[in-house]
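Undergrad: Pasting the sequence and the predicted model now:
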Amino acid sequence: MSGGGAPASAGGGRHAGGAPAGGDAAGVGGGTPLALRRRIVAGNWKMHFVTADAAAFCRELRRGLAEPRQEPAGPARPEVVLFPSFPLLPGVARELAGSDVAMGAQDVHPAERGAHTGDVAAPQLVDAGCRWVLCGHSERRRDHSESDELIARKVAAAARHGLAPLLCVGETREQREAGETLAVLERQVRGGLSSRPAGPAGVVVAYEPVWAIGTGLTASPETAQEAHQFLRGVVSEAAGQGAGAVTLLYGGSVTPANAAGLIAQPDVDGFLVGGASLDPRQFLAIIACSG
Ligand code: PGA
């Protein structure tokens, strides 16, 4: 990527350390009155686990999070969010009750209710205890031909109902090789945020290069930083928010071995973790180095 015209990294590394989990939109988890960049580590379980696996994971996660930190004086622990598949939501909500781990869904329908067999509406997700929802994950763009226009309606529906949308963007290998990365990211961000209701809440976007998802091919810290720096400007402009209110997560084969190098980049604010989020020890290790 050339990075040409990429706005300078902004936001000065200000993180809302200790902000309530899920406090993105009004009415969601307490809310952060003045939106700041946040540290977030999220686990995308995709189509894995049944109820018993999910419960065991949550217990181990809670045990791990309750352990005294090695550097208690260090930066605040990141917010932690789990994205289980729909049938697991009630069980995970029960297991997480009383903790500050938030829960989200992997998709939402733009409509509030109606004849949409197999789909799930935002009020149903809120009812199930969700505070977040993934919008535009590349596997949904691929498997369900989701367009930026549809994703924008999902982002808007989520925000209207007090769910924090986590918009996912990222280029394919072919697009990167063709030098189209920045154009693709800009189109996906501007498209995905085009119907989002204006408001004070910070925006959270995950940069997930498609070639890095589930492949073991993580973006190098420099490649991730280049994309994140570009995204911070584009997201800020598209959302009408200061760059310091934009939170950018990296996703794509994140492991405990590569997380420290990525989080050290000035515009990487956290992670959306797939494969490694299925193992509580690995997920805890990623959380531990992301504070
Ligand atoms: P991965 O998945 O960590 O298994 O690459 C990331 C994601 O798809 O969110």
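TA: It's in.
Undergrad: rest of the way, CA atoms for contacts and neighbours
TA: Noted.
Undergrad: in the stretch 51-200 of the chain, what spans have low per-residue confidence?
TA: Per-residue confidence of the stretch 51-200 of the chain (counting by pLDDT under 70) places the weak regions at 199-200.
Undergrad: Show me the strands in it, by range?
TA: Taking DSSP state E, counting those that start in this stretch to define them, one finds strands in the stretch 51-200 of the chain at 79-83, 101-105, 132-135, 164-169.
Undergrad: Next, format these as CSV and append distance to A183 and mean neighbour count.
TA: Shown next, in CSV, are the strands of the stretch 51-200 of the chain (distance: least, CA to CA, whole Å; neighbours: other CA atoms under 10 Å):
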stretch, distance to A183, mean neighbour count
strand 79-83, 28, 24
strand 101-105, 28, 26
strand 132-135, 19, 28
strand 164-169, 11, 27
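Undergrad: For the ligand, see how far away the residue of the chain positioned farthest from its centre is.
TA: In the chain, the residue that sits farthest from the middle, by CA atoms, centre = their mean, is A115; the gap is 28.9 Å. Distance of A115 to the ligand, given as CA to the nearest ligand atom, to the nearest Å: 29 Å.
Undergrad: gap between stretch 262-272 and the chain center?
TA: The gap between where stretch 262-272 is centred and where its chain is centred comes out at 12 Å by CA atoms, centre = their mean, to the nearest Å.
Undergrad: which residues touch it?
TA: Identification of contacts with stretch 262-272 by CA atoms under 8 Å, 6 or more residues apart in numbering yields 9, 13, 37-44, 78, 206, 220-222, 224-225, 228-229, 232, 247-252, 254, 289-290.
Undergrad: again, 7 Å this time
TA: With contact meaning CA atoms under 7 Å, 6 or more residues apart in numbering, stretch 262-272 is reached by 9, 13, 38-44, 206, 221, 225, 228-229, 247-251, 290.
Undergrad: neighbours of S194, just the number please.
TA: Counted with other CA atoms under 10 Å, the neighbours of S194 add up to 18.
Undergrad: Who are the contact partners of it?
TA: S194 makes contacts with A152, as judged by CA under 7 Å, 6+ apart.
Undergrad: swap in A288?
TA: Taking CA under 7 Å, 6+ apart as the definition, A288 has no contacts.
Undergrad: for V184, same thing?
TA: Applying CA under 7 Å, 6+ apart, one finds that V184 lies in contact with E171.
Undergrad: how near is it to E71?
TA: Between V184 and E71 the computed distance is 40 Å (CA to CA, to the nearest Å).
Undergrad: picking up where we left off before, so which of the contacts of stretch 262-272 sit within strands?
TA: With strands defined by DSSP state E, the entries of those inside them are 40-44, 206, 247-251.
Undergrad: Which two of those have the greatest separation?
TA: With distance counted by CA to CA, no two of those lie farther apart than N44 and T247, which are 17.3 Å apart.
Undergrad: quick one, which of those two is more surrounded?
TA: It is T247, of N44 and T247, that has more neighbours when counted by other CA under 10 Å, with 28 against 23.
Undergrad: Which parts of the stretch 51-200 of the chain are helices?
TA: In order along the chain, the stretch 51-200 of the chain carries the following helices (DSSP state H, counting those that start in this stretch): 51-66, 89-96, 122-127, 138-143, 148-160, 173-177, 181-192.
Undergrad: Okay then, goodbye and thanks.
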